[in-house]
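Colleague: For reference, the sequence and a predicted model appear below.
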Amino acid sequence: MPMLKQKTAVGRTRRSIARTSAPAGRRSRFAAAYEIDPISRVVAIRRGVSSVERARTSRALGLPKERIDRMLHLPVSTTKRKLAQQARFPPEQSERILGLQRLIGQVETMVAESGSHAQSFDARASIAQWPDQTSPALGNKTPGEFLDIIAGQEIVANLLAQMQSGSYA
């Protein structure tokens, strides 16, 4: 997750992570993950996503951590150990977690760009249900079946973009 610099009362900067729930007019941590530039994304993946961040993603979606772990094919023993140690995931697993956060951010951005409906639509609730719904565009598979590898996440992201542009059939 990208770090943000904030000025403190004495003028120094302090690093903090973008908030899960952004106040009106501010982007969420997921929108920030979606909008992060490629070089910063590589740096974040190599640094590793924290186990706390994975737990926040689970809470934000309203899904059990175990469900997130299954979708992303994160080993149960690894996730338990990382959480207990408050450690970071290795790059391969971090990339999958950040990829899920980017998909959430993509949906949030799509909703925000749609205009007046944005206030009444809960992007996180929608994306929490969407992984289990079959799609003809995915060969009657669920998006959740594609989240465990980056190429699969790209397929889901492209499908979302097609839906937004109206070219989805």
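Modeller: That came through fine.

Colleague: from here on, contacts and neighbour counts on C-alpha atoms
Modeller: Fine.

Colleague: Check the secondary structure at the residue nearest the centre of the chain for me.
Modeller: The centroid of the chain falls nearest to residue 101 when counting by Cα atoms, centre = their mean (0.6 Å). Classification of residue 101 using DSSP: H, G, I helix; E, B strand; the rest coil returns helix.

Colleague: need the contact list for it.
Modeller: Contacts for residue 101 (Cα atoms under 8 Å, 6 or more residues apart in numbering) come out as 30, 33, 34, 57.

Colleague: Now the second one: closest residue in space, sequence neighbours ignored.
Modeller: By that I understand residue 33. Distance criterion Cα to Cα, 6 or more residues apart in numbering; nearest residue to residue 33, sequence neighbours excluded, is residue 102 at 5.1 Å.

Colleague: do you know how far that neighbour is from residue 61?
Modeller: Noted for residue 102: a distance of 13 Å to residue 61, by Cα to Cα, to the nearest Å.

Colleague: Out of these two, name the residue with the larger neighbour count.
Modeller: Using other Cα atoms under 10 Å as the criterion, residue 102 and residue 61 rank with residue 102 on top: 23 against 18.

Colleague: So that one sits against residue 38, correct?
Modeller: No - contact status for residue 102 versus residue 38: not in contact, 11.9 Å apart, counting by Cα atoms under 8 Å.

Colleague: quick one: residue 82 and residue 53 touch, right?
Modeller: No - between residue 82 and residue 53 there is no contact under Cα under 8 Å: 11.1 Å.

Colleague: just checking, next helix/strand downstream of the worst-scoring helix or strand of the chain on mean pLDDT?
Modeller: Lowest mean confidence among the helices and strands of the chain (mean pLDDT, DSSP states H and E): strand 13-17, at a mean of 34. From strand 13-17 onward toward the C-terminus, using DSSP states H and E, the following helix or strand is helix 29-35.

Colleague: now the protein, which segments are flagged as low pLDDT?
Modeller: Where the chain drops to pLDDT under 70, the residues are 1-26, 116-124, 168-169.

Colleague: From residue 108, how far off is residue 101?
Modeller: For residue 101, the distance to residue 108 - Cα to Cα - is 10 Å.

Colleague: Likewise for residue 61?
Modeller: 12 Å.

Colleague: before we move on, what about residue 36?
Modeller: 14 Å.

Colleague: who's more crowded, these two?
Modeller: Taking neighbours as other Cα under 10 Å, residue 36 and residue 108 compare with residue 108 leading, 24 against 16.
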